[in-house]
Structure formats: C-alpha cells, structure tokens
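J.: Sequence and predicted model, in that order:
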Amino acid sequence: MNGISFIVPAYNEERVLGRTLAAITQVSRALAEPIEVIVVDDASTDRTAEIARAHAARVVPVRHRQIAATRNAGARAAKGEWLVFVDADTIVSEALVQAAIAALRAGAVGGGCAVRFDDPLPRYARPLLAIALPVYRALRLAAGCFVFCTREAFATVGGFDETLFAAEEAALSIALRRRGRFVILRESVTTSGRKLRTHSGREILGTLVRLALAGPKGMRRRDALDLWYGQRRADPDSDG
C-alpha cells in the first residue's frame, strides 16, 4: 500500500486513546494519500482494544511491555510506504502531518517535530522543559511521541533498538541521520503532561540523573525505569 501507516503503541490507554485516534481520523480526511491506523495493544487489561476498534483502527495484540518492540510490531504489520509513530496520549494536527509528508516527498528519510505538553503543568516542569526541549531539538532528536520515516529507511537501520527500554527514539533518530536527511519540523504535537503531573520534581530529576550516570546501560534495564514501566498513577487532570 502506498500511503501512510499511523502506528500507535498502547498499554491501558482507554482514557486518552479515543482523542488521539479521533485527531488522526480528522487529519486523514484532509489527506490525498491512503491511510491506515494500527494500534499495537501491548497486554492491556482495560478497554484499549475496544476503543481502537470503535475508531476503525486495526488492532495488533502483543505482550512485550517494551516500547521499542511494541513499535516494531506495528511497523511489521504496516503496509504504508511512510510510517508515523504517534503515542497514545498525543494529538496530531493537519499542518504537522502535511509538513511531514512534504519533508518525505522532498527526500527526507524521517524526522520529528516540536512538542507541547497539555496543561496544567506543575511549577517545576516549566523550567525543566524550557531546557530539555531546546536541547533535544538542537541535537536533532525526535521526541518519542511523534516520529516519522520511510519504510525503506526504517528497515535499513533495523527499526527501533529492542535492547532499549527507553530513549529508543533517540537511537532511531541517530541511526536515520546516518542514512540521509533527518528533519525536526517547526509544527508541533500536543502530548500529555501526565507524568509531570503525577510525579514530583524530585522523582523526575532523580530518574534523569541516575540515567545520566548509568549511561546507555541504564536504558537497557526495565527495573531502572519505573517512570515508564512502573504502576501508572491516576492523573486527576485527565478527562479522558
């Protein structure tokens, strides 16, 4: 299939998935290319798969509980020549997707975009993001909530590194940059600030410091990454 495959990894995302898929559906109506939407349901115990099917998405069930492997499973099931990975708590816009398509048509092998977090955000989060987001952009790394690439380039670099339990999007960005032009678009997605709302500044900064000290090996241990793989905390500001 020529066209675009939207790949959405999801684990117990019944509260937010519907909004994400509704946004993709709305964008798809404005595009000339064939579209498919794949939700990779990674061992969810809630209504994630039911919600995905209600939005006409194809559900690929897996039991990895590892984000890189889950994304790769979606890519293997995809039929499009262009792959767009969107997190289950992330809202895309027509302007963003059109910009990604234009970049791919112009010869880019892949890219990412600017990122905004939904409100409210805790006070500590704003200075943290004011530092982290420009650094990510300066390093030309795609944020994990939105990554796009050609199928050919994705296959050439071997997809997401399944030895990593986090920062797999950074590793993919670096691998793709070695293959061709990799762009970070000015257009943005809006993603959930729920981790920032449900964890203290001390917890967030502590995790980042530990990972910085551990280096790449810290990303290869699930037990060191509770921020991503620990018990999810209820977000009182989510209305999903």
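T.: Cool, got the structure.

J.: CA only for contacts and neighbour counts going forward, please
T.: Noted.

J.: Which stretches in this protein count as helices?
T.: 17-28, 48-54, 67-77, 94-105, 125-138, 151-156, 168-177, 194-198, 201-214, 226-229 (DSSP state H).

J.: for these, which one sits closest to residue 118?
T.: Closest approach to residue 118 among these is made by helix 194-198 (8.5 Å; C-alpha to C-alpha).

J.: picking up where we left off before, now the helices of the chain in CSV, please, with extra columns for mean neighbour count.
T.: Below are the helices of the chain laid out as CSV (neighbours: other C-alpha atoms under 10 Å):
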stretch, mean neighbour count
helix 17-28, 19
helix 48-54, 19
helix 67-77, 22
helix 94-105, 18
helix 125-138, 13
helix 151-156, 17
helix 168-177, 21
helix 194-198, 19
helix 201-214, 13
helix 226-229, 14
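
J.: Name the residues of the longest strand along the chain that are buried.
T.: Longest strand in the chain by number of residues (criterion: DSSP state E): strand 182-191. Within strand 182-191, the residues scored as buried using 16 or more other C-alpha atoms under 10 Å are 182-185, 187-191.

J.: What is the nearest of those to residue 84?
T.: residue 189 (12.6 Å).

J.: Quick one: residues contacting that closest one.
T.: 90-93, 96, 113-116, 146 (C-alpha atoms under 8 Å, 6 or more residues apart in numbering).

J.: and if we set it to 7 Å?
T.: For residue 189, the contacting residues are 90-93, 114-116, by C-alpha atoms under 7 Å, 6 or more residues apart in numbering.

J.: Across the sheet, point out what pairs with it.
T.: Bridge pairing for residue 189 (DSSP bridges) gives the partners residue 115.

J.: Residue 36 now?
T.: Note on residue 36: beta-bridge partners by DSSP bridges are residue 5.

J.: Next, find the distance separating the residue nearest to residue 201 when sequence neighbours are not counted from residue 203.
T.: Spatial nearest neighbour of residue 201, excluding adjacent residues (C-alpha to C-alpha, 6 or more residues apart in numbering): residue 124 at 6.0 Å. Distance from residue 124 to residue 203, counting by C-alpha to C-alpha, to the nearest Å: 11 Å.

J.: quick one: low-confidence ranges for the chain?
T.: Where the chain drops to pLDDT under 70, the residues are 238-240.

J.: wait, isn't residue 84 in contact with residue 145?
T.: No - judged on C-alpha atoms under 7 Å, residue 84 makes no contact with residue 145 at a distance of 10.0 Å.

J.: Can you pull up the most central residue in the chain?
T.: The chain has residue 145 as the residue nearest its centroid, 2.6 Å off, counting by C-alpha atoms, centre = their mean.

J.: Verify the stated contact: it with residue 89.
T.: No - the pair residue 145 and residue 89 fails to qualify as a contact (C-alpha under 7 Å) at a distance of 8.1 Å.

J.: roughly how far is stretch 194-212 from the heart of the chain?
T.: Centroid separation for stretch 194-212 versus its chain: 19 Å, with C-alpha atoms, centre = their mean, to the nearest Å.

J.: As CSV, could you dump the C-alpha coordinates of that stretch?
T.: Only the C-alpha atoms of stretch 194-212 are listed here, as CSV (Å, rounded to 0.1, in the frame of the first residue of the first chain):
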residue,chain,number,x,y,z
ARG,A,194,0.6,13.3,33.0
LYS,A,195,4.0,12.0,34.0
LEU,A,196,4.9,15.6,35.1
ARG,A,197,1.7,16.0,37.0
THR,A,198,1.8,12.6,38.7
HIS,A,199,5.5,12.6,39.7
SER,A,200,7.3,15.1,41.8
GLY,A,201,10.2,17.2,40.5
ARG,A,202,12.5,15.2,42.8
GLU,A,203,11.4,11.9,41.2
ILE,A,204,11.8,13.2,37.7
LEU,A,205,15.1,14.8,38.2
GLY,A,206,16.3,11.8,40.2
THR,A,207,15.5,9.5,37.4
LEU,A,208,17.3,11.7,34.8
VAL,A,209,20.4,12.0,37.0
ARG,A,210,20.5,8.2,37.5
LEU,A,211,20.2,7.6,33.8
ALA,A,212,22.9,10.1,33.0
